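Peer 1: A predicted structure for the sequence below; I have some questions about it.
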Amino acid sequence: KATVSVLYWLTLPKMVLAELGGQISTALSNLSRNTAIDDAAIDAMLADISRALLMADVNVKLVGQFRNAVKTKVTLDDGSQGKKKLVQNAVFAEMLRLLDPGTKPYVPVRGRPNVVMTVGLQGSGKTTTCTKYALYYQRKGWKVGLVCADTFRAGAYDQLKQNAAKSKLRFYGSLTETDPVVIAREGVAKFKEDGCEIIVVDTSGRHKQETSLFDEMKQISDATEPDDIIFVMDSAIGQAAQDQALAFKEKVKVGSVIITKLDGHAKGGGALSAVAATKSPIIFIGTGEHFEDFKAFQPKSFLSSLLGMGDFAGLMEKLEDAGIDHKSEIYQRLADGVFTLRDMYEHLQNILSLGPMGQFMDMLPGMPKGLLKGQEAEQSNRLKVFMTLMDSMCDKELDHSQVKKIMTPERIARISKGAGRSPMDVQDLLKAYVKFEEMVKKMGKLNFKQMAKDPASMSRGTHGSQSQMQQLAKAVNPQVLKKLGGQAGLANMMKGLTGGGGPGGGAGGMPDMAQLAQQMQGMMGGLGGKGGKGGLGNLAAMMGGLGGKGGRR
């Protein structure tokens with residue numbers, strides 16, 4: 001029977017992680033549509049999910065354990081939960097077990113040096129990952145230093161030094177010293193004297209068979225006494241990750257793992273589950289070549305995002321890091337229905353401070369993955385052009401409540417010349433401003449608090465009036481609305497945000513979406529409070545303002 005299972009696994013086509021999430025979500029949705037949840041329906045769902053996991057290169061044995069565990073939980077049901085919710089929570093909890101080893105990773109401590117040593121195979125993206133890791137903490141206000149102790153690979157010194165220069169990170173390395181142990185020791189000592197809180201030591205890449213390099217890794221570890229040793233692993237090796245991670249753990253005390261190149265590789269699922277099987281916690285994942293393509297790994301958030309339920313934990317962290325305060329003056333003015341160009345300027349600053357907008361949108365439940373893929377640079381540049389034009393305006397223009405009425409050809413010419421742009425760009429800014437203003441007024445008529453309490457209210461109209469969903473659809477940029485799947489797709493996303501999509505929380509089950517929606521409403525609101533106006537105004541403004549070259553819609 002085991003041989004047949006292995007042969008079956010070998011014949012399956014492989015799928016990327018995004019496809020895996022879609023397959024699992026479809027299997028759960030098919031189960032929910034059944035009028036009666038019997039053993040046959042559960043077996044069919046588990047067969048679909050198991051097939052998807054195998055196609056994502058998850059180990060056959062782990063898939064078997066997952067299937068048996070879900071069946072056991074459903075069989076032991078005491079009737080306290082609905083059958084559908086029980087099955088869905090069981091699937092979520094057991095998938096979480098595949099990703100979470102239950103081991104707590106090292107957490108850097110503020111106010112003292114935290115030495116982090118990275119190890120890994122050649123070609124795993126270790127040097128770039130060192131920069132991403134250091135930059136992640138620098139953006140959070142930590143004092144960070146990079147040490148290049150890789151004397152084995154030609155070009156390692158230049159690569160890390162250039163990366164550090166681009167990211168404005170402190171760097172230590174040597175072109176004359178050939179002993180990596182000496183470089184590591186001196187670099188760590190220097191950064192400790194400089195008061196660095198995060199000191200990242202990049203070591204030479206190595207293979208399992210290269211005993212000399214493994215010995216070098218052990219010597220560097222003894223010399224620097226790192227607080228955490230991070231194994232950087234390429235997701236392309238799939239299930240082989242388990243053997244590699246164990247081999248490194250035998251030589252040095254590997255405390256955590258970073259998995260790279262998860263942006264579309266077919267073996268990502270196998271790598272994630274295999275590493276978890278070694279009881280080594282995954283702390284970050286690399287999702288692209290750019291320094292921003294780096295995410296803290298939280299198994300529950302990752303799984304929630306994979307299944308299309310959004311990543312609220314990552315979303316909240318991003319908002320907090322950006323320093324967006326929903327109680328700030330701009331949002332109080334928005335609550336009063338006031339929206340000037342100065343308000344728009346501050347709002348665009350908030351949007352840009354969130355980082356790549358595609359990553360932000362991917363964190364939202366129901367939002368299609370890669371909604372802005374290939375457009376992020378264009379959208380970001382467009383917003384920056386708008387801000388440059390507003391920098392060229394006087395106070396009267398920025399603060400006037402009906403700015404279009406005072407925008408004479410002379411003013412437009414002066415603004416465009418001062419910003420180094422064309423008069424057409426000023427016209428595009430004014431068009432975008434009018435759209436933002438219209439959207440703010442439309443959003444003010446919506447009651448998100450009622451949506452959170454009663455998701456069905458989104459599709460209901462009162463005395464012949466339009467439903468709240470129809471009003472919201474009009475506020476969203478048509479191009480974005482189309483990519484969402486029209487009004488139906490927007491409704492699914494809003495149900496996720498307001499707690500109406502999917503099962504609620506429970507011990508070990510799916511996230512409590514209603515609770516998370518309340519948190520997000522507080523952080524992103526700005527339209528909350530007066531006149532029954534609800535939150536999510538900032539999000540809607542982003543969706544209303546995105547799309548379309550030059551502001552044309």
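Peer 2: Yes, it's here.
Peer 1: make it CA atoms for all contacts and neighbour counts henceforth
Peer 2: Fine.
Peer 1: whichever strand or helix holds residue 438 packs against which elements?
Peer 2: Under the criterion of DSSP states H and E, residue 438 resides in helix 423-444. Secondary-structure packing of helix 423-444 (3 or more C-alpha pairs under 8 Å, 6 or more residues apart in numbering; DSSP states H and E): helix 376-391, helix 409-419, helix 468-475, helix 537-545.
Peer 1: and residue 353, how many neighbours?
Peer 2: Neighbours of residue 353 under the rule other C-alpha atoms under 10 Å: 16.
Peer 1: can you check residue 142 too?
Peer 2: 16.
Peer 1: same question for residue 168.
Peer 2: Residue 168: 12 surrounding residues under other C-alpha under 10 Å.
Peer 1: next one: it from residue 220, what distance?
Peer 2: 26 Å (C-alpha to C-alpha, to the nearest Å).
Peer 1: repeat that for residue 259.
Peer 2: Counting by C-alpha to C-alpha - residue 259 and residue 220 are separated by 22 Å.
Peer 1: before we move on, what about residue 412?
Peer 2: Distance from residue 412 to residue 220, by C-alpha to C-alpha: 63 Å.
Peer 1: and what of residue 278?
Peer 2: Remark: distance between residue 278 and residue 220 (C-alpha to C-alpha) = 24 Å.
Peer 1: for residue 486, same thing?
Peer 2: Distance of residue 486 to residue 220, computed by C-alpha to C-alpha: 57 Å.
Peer 1: the more surrounded of the two?
Peer 2: Set residue 486 next to residue 220 and count neighbours by other C-alpha under 10 Å: residue 220 wins out with 22 against 14.
Peer 1: looking at this protein, which helix or strand is least sure?
Peer 2: Every helix and strand in the chain was compared by mean pLDDT, DSSP states H and E; the lowest is helix 2-11, with a mean of 37.
Peer 1: any idea which helix or strand comes after it?
Peer 2: helix 17-33.
Peer 1: remind me what the host helix or strand of residue 131 packs against, helices and strands.
Peer 2: Assigning secondary structure by DSSP H and E places residue 131 in helix 126-138. The contact analysis (3+ C-alpha pairs under 8 Å, 6+ apart) places helix 126-138 against strand 114-120, strand 144-148, helix 156-167, strand 198-202, strand 228-234.
Peer 1: and it with helix 156-167, angle?
Peer 2: Going by axes from the mean of the first three to the mean of the last three C-alpha atoms, to 10 degrees, helix 126-138 is angled at 30 degrees with respect to helix 156-167.
Peer 1: what sits against the closest residue to residue 268 other than its chain neighbours?
Peer 2: Here the nearest residue to residue 268 in space, its sequence neighbours aside, is residue 235; by C-alpha to C-alpha, 6 or more residues apart in numbering that works out to 5.2 Å. Residue 235 makes contact with 241, 259, 260, 261, 262, 265, 267, 268, 271, 272 under the criterion C-alpha atoms under 8 Å, 6 or more residues apart in numbering.
Peer 1: residues contacting residue 391?
Peer 2: Contact analysis of residue 391 by C-alpha under 8 Å, 6+ apart lists residue 419.
Peer 1: on the pLDDT front, check it for me.
Peer 2: Looking at residue 391, its pLDDT reads 94.
Peer 1: with residue 431 as the reference, measure out to it.
Peer 2: Residue 391 is 17 Å from residue 431, where distance means C-alpha to C-alpha.
Peer 1: quick check, residue 199 in contact with residue 146.
Peer 2: Yes: using C-alpha atoms under 8 Å, residue 199 is in contact with residue 146, at 6.0 Å.
Peer 1: thinking again about what came up before, buried residues in the helix holding residue 131?
Peer 2: 126, 127, 128, 129, 130, 131, 132, 133, 134, 135, 136, 138 (16 or more other C-alpha atoms under 10 Å).
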